[in-house]
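Enquirer: sequence unknown, structure follows:
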């Protein structure tokens, strides 16, 4: 007998995620309907609306369950700026009108110019998240004459709130109507919110791309992508590697003459564990831009002391001192470079005399990863 437990784990997780999104949506709808009823009761108690008042035909059209007042998630808003402005990803109105879909045509055309747009909106199609089309839509689709589509594509999460142009297709001209720009923001969970405004004329209406329904099934580590803006699919996102690599070490004694590889045994910092105190070698854990520093202190009269930074057996940077009297002289050198993963970096004592003891920290070696590259 087949059981649900026999499904692949990933498929079970996907079903659970879909059920959670469906429950959140239902909860939001119920909450907004209750608020709408309260608003209606208060309004009727105060005054009777004029019978000849123009109604919002788009919002009140049959099959629409648009929520005209902003709804807030039960979740705590993690992104509220210093000015107290709420993140639209957590504070938006649900716009679920199936006639806005790109595969819907009707003789009863809608006009978004008559809608009293207020705040931010998230598009749904029968309870499933959907987004605006990024390419031209045929005339007389999306329940209107001139369908409105997004010019310039949707933003990434790190782009924040962006402004995008909106075009309306009419008479074989994909941008015959240049509707006022709208604001768009990408949100975690593979969905977008839009700050819609009134189009310039009738009959124009914002579209919902039926082909993007698949985007609502993308996992947290996936993004929704399309090569032709028609066929959409989920793919693994290329997240930036935020590697933290820092090290600082010293040699607790003096050095004289040739030392091929200084074993900096006293390690103060080794974030990322890329420095080996037993060998004195730093191994690049990732490809990227690194900065190194190394120092020496010489006290031998008339002698020169040279320390070299060595990368993959190439001597690349020098720390040089020459004492002309009975004074002590120190030198610190820095070097910045791009390294591939696995590159070996160490310091060699080529000649002279370097002074140090267990507490002086005069013979040192350190570095940091500045930027990760792919």
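Expert: Received the coordinates, thanks. For clarity, every value in this text was computed on a predicted model and none was experimentally measured.

Enquirer: Return the residues in contact with residue 135.
Expert: 149, 229-230 (C-beta atoms under 8 Å, 6 or more residues apart in numbering). Using the backbone N, CA and C atoms, a C-beta is placed for each residue, glycine as well.

Enquirer: any idea which of those is closest to residue 201?
Expert: Nearest to residue 201 among those is residue 149, at 16.0 Å by C-beta to C-beta.

Enquirer: so who does the closest one touch?
Expert: Applying C-beta under 8 Å, 6+ apart, the residues near residue 149 are 132-137, 166-169, 174, 207.

Enquirer: Cross those residues against strands and list the overlap.
Expert: Of the positions in the contacts of residue 149, 166-169, 174 sit in strands, assigned by DSSP state E.

Enquirer: Scan those and report the most crowded one.
Expert: Within those, residue 168 tops the neighbour count with 28 neighbours, counted by other C-beta atoms under 10 Å.

Enquirer: thinking again about what came up before, in strands, which of the contacts of residue 135 appear?
Expert: Per DSSP E, strands hold the following members of these: residue 149.

Enquirer: would you turn the contacts of residue 135 into JSON lines with pLDDT?
Expert: Compiled in JSON lines, the contacts of residue 135 are given as follows (pLDDT from 0 to 100):
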{"residue": "149", "pLDDT": "94"}
{"residue": "229", "pLDDT": "83"}
{"residue": "230", "pLDDT": "83"}
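
Enquirer: Please point out which parts of stretch 220-231 sit buried.
Expert: For stretch 220-231, a neighbour-count test (16 or more other C-beta atoms under 10 Å) marks 223-224, 226, 229 as buried.

Enquirer: just stretch 313-323 next, same as before
Expert: Under 16+ other C-beta under 10 Å, the buried positions of stretch 313-323 are 317, 319-321, 323.

Enquirer: between the residues you listed, which is closest to residue 369?
Expert: Using C-beta to C-beta, those come closest to residue 369 at residue 317, 17.6 Å.

Enquirer: Just confirm the closest one is within a strand.
Expert: Yes. Read with DSSP: H, G, I helix; E, B strand; the rest coil, residue 317 is one of the residues of a strand.

Enquirer: per-residue pLDDT, it?
Expert: pLDDT recorded at residue 317 is 92.

Enquirer: now it, which residues is it bridged with?
Expert: residue 309 (DSSP bridges).

Enquirer: need the strands for the stretch 101-250 of the chain, in chain order.
Expert: For the stretch 101-250 of the chain, the strands defined by DSSP state E, counting those that start in this stretch cover 121-125, 128-129, 146-151, 161-170, 173-187, 191-195, 204-206, 222-226, 232-236, 246-250.

Enquirer: And the lowest mean pLDDT element among the helices and strands of this protein?
Expert: The helix or strand of the chain with the poorest confidence is strand 71-72; it has a mean of 40 (mean pLDDT, DSSP states H and E).

Enquirer: one step back: could you redo the contacts of residue 135 as a markdown table and give each row distance to residue 278?
Expert: Below are those laid out as a markdown table (distance: C-beta to C-beta, whole Å):
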| residue | distance to residue 278 |
| --- | --- |
| 149 | 63 |
| 229 | 56 |
| 230 | 58 |
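
Enquirer: what about the closest residue to residue 145 other than its chain neighbours, neighbour count?
Expert: Nearest non-adjacent residue to residue 145, counting by C-beta to C-beta, 6 or more residues apart in numbering: residue 203, 4.3 Å away. As a burial measure, residue 203 scores 19 neighbours (other C-beta under 10 Å).

Enquirer: for residue 203, what are its contacts?
Expert: 109-111, 144-146.

Enquirer: And those, which two are furthest apart?
Expert: Once C-beta to C-beta is applied, the contacts of residue 203 give 110 and 146 as the farthest pair, at 11.0 Å.

Enquirer: hey, where'd the helices end up in the protein?
Expert: 9-46 (DSSP state H).

Enquirer: which sections of the stretch 201-350 of the chain are below the confidence cut-off?
Expert: 238-242, 299-302, 323-328 (pLDDT under 70).

Enquirer: what about residue 304, distance to residue 337?
Expert: Taking C-beta to C-beta, to the nearest Å as the measure, residue 304 falls 25 Å from residue 337.

Enquirer: Perfect, I'm done here.
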